[in-house]
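Provided below are the primary sequence and the corresponding predicted coordinates.
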Amino acid sequence: MAIRFGGRYSPDGQPGTGPAAGTGLARPAPGQARHRYESRTKWVTAMAAPLLVGAFFQGDPVAMASSLLGFGIIAAGMWMTREGLQAEAAYDARRIARRPAIPRKLFGGVLTGVGIAVGASEPGAFAGAAVLGVTGAVLHWLAFGPDPMRDKGMEGIDGFQQDRAARMVEEAETHLRGMTDAIQRTRDRKLQARVATFAATARALFERVEQNPGALTAARRYLGVYLIGARDATVKFADLYARSPDPGALRDYEALLADLETSFQAISQRLHDGVRTDMDIEIEVLRDRLAREGVRPPPGAALEDHSAEPTAAELLRSADHERTR
């Protein structure tokens, strides 16, 4: 999904006002996070174009086939690498994430090396082609780096609950995409920006649920029933507004978005307060246990005053004075 305008520098946009505005809390929209090396894959594919063009000037059918096959394998490797970079960008953009199920960049590097070896192969020179292929795979690894190989932020989180939360969040993202696609039919930039603001608020709730899968029960209605209702209302409003703009329908729809946004902000804050309360209880229990075991003084206990005790320098000076007497 493309990045929607409606921010500070858009034609009719205003700075965000939701809980995610300026806090870095909002969960990035699918497809929004981009890797800084993603454009390199196009350049590598373009540099392999001589294999494609030169294949038609080969007099030997075997050489022509090897050139075409080499270009195709390199292009496939770059496509796989680009998918891996997108997966890594989404992994880096989220505080809690599982490692990609498939190491796409690794496979992309292997395909790139194989494509270079096939494109450079000639009768009696297979060893040299293999060396070029290995070199290409190593350069691919140096240019694009390795895949994320471990989960991030998953310590102490129940895997089953995390999977349930991930499925619910994915379904909720589908409902948000339905809202965004439907509002495009109105061709109204302010409405599109308004829906984008609500989507940012909803994604802040998604972030809370991903951080604390135990809150899924409290947020289930918001991720399911409420978003489905909002998507259906958006579809019907877009159909009506596209045919004949109705100011009354517009006011009702904007009021609905405002109510939904307020509700999503409230549940996000409630989940945050609940996590904070749990943390305070855990800290207090641990401090009481440490006090009972004598590791630290109990709360409110007076600390000993060591200000009158001599320092190490004073003790050394006193010892020197005793020796000189």
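Received the coordinates, thanks.

next secondary structure element downstream of the strand or helix carrying Glu207?
Per DSSP states H and E, Glu207 falls inside helix 189-211. Downstream of helix 189-211, the first helix or strand assigned by DSSP H and E is helix 216-221.

please report how far Gln206 lies from Glu170.
For the record, residue 206 is Phe, not Gln. According to C-beta to C-beta, to the nearest Å, Phe206 and Glu170 sit 10 Å apart. From N, CA and C alone the C-beta is placed, and that goes for glycine too.

the more surrounded of those two?
Phe206 (25 against 12; other C-beta atoms under 10 Å).

go ahead and confirm the more buried one touches Leu223.
Yes: here Phe206 reaches Leu223: they are 7.5 Å apart, a contact under C-beta atoms under 8 Å.

who touches both of these two?
169, 172 (C-beta atoms under 8 Å, 6 or more residues apart in numbering).

flag every buried residue along the helix holding Glu207.
Under the neighbour-count criterion of 16 or more other C-beta atoms under 10 Å, helix 189-211 has 191-211 buried.

okay, it in PDB with CA atoms only?
The C-alpha coordinates for helix 189-211 follow below in PDB (Å, rounded to 0.1, in the frame of the first residue of the first chain):
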ATOM      1  CA  ARG A 189      -8.000  14.400  -0.500                       C
ATOM      2  CA  LYS A 190      -9.200  15.600   2.800                       C
ATOM      3  CA  LEU A 191     -11.300  12.500   3.300                       C
ATOM      4  CA  GLN A 192      -8.400  10.300   2.200                       C
ATOM      5  CA  ALA A 193      -6.100  12.100   4.700                       C
ATOM      6  CA  ARG A 194      -8.800  11.700   7.400                       C
ATOM      7  CA  VAL A 195      -9.000   8.000   6.900                       C
ATOM      8  CA  ALA A 196      -5.200   7.800   6.900                       C
ATOM      9  CA  THR A 197      -5.200   9.500  10.300                       C
ATOM     10  CA  PHE A 198      -7.600   7.000  11.700                       C
ATOM     11  CA  ALA A 199      -5.500   4.200  10.200                       C
ATOM     12  CA  ALA A 200      -2.500   5.500  12.100                       C
ATOM     13  CA  THR A 201      -4.500   5.500  15.300                       C
ATOM     14  CA  ALA A 202      -5.600   1.900  14.600                       C
ATOM     15  CA  ARG A 203      -2.100   0.800  13.900                       C
ATOM     16  CA  ALA A 204      -1.000   2.300  17.300                       C
ATOM     17  CA  LEU A 205      -3.400  -0.200  18.800                       C
ATOM     18  CA  PHE A 206      -2.000  -3.000  16.700                       C
ATOM     19  CA  GLU A 207       1.400  -2.100  18.100                       C
ATOM     20  CA  ARG A 208       0.100  -2.400  21.700                       C
ATOM     21  CA  VAL A 209      -1.400  -5.800  20.900                       C
ATOM     22  CA  GLU A 210       1.800  -7.100  19.300                       C
ATOM     23  CA  GLN A 211       3.800  -5.900  22.300                       C
END
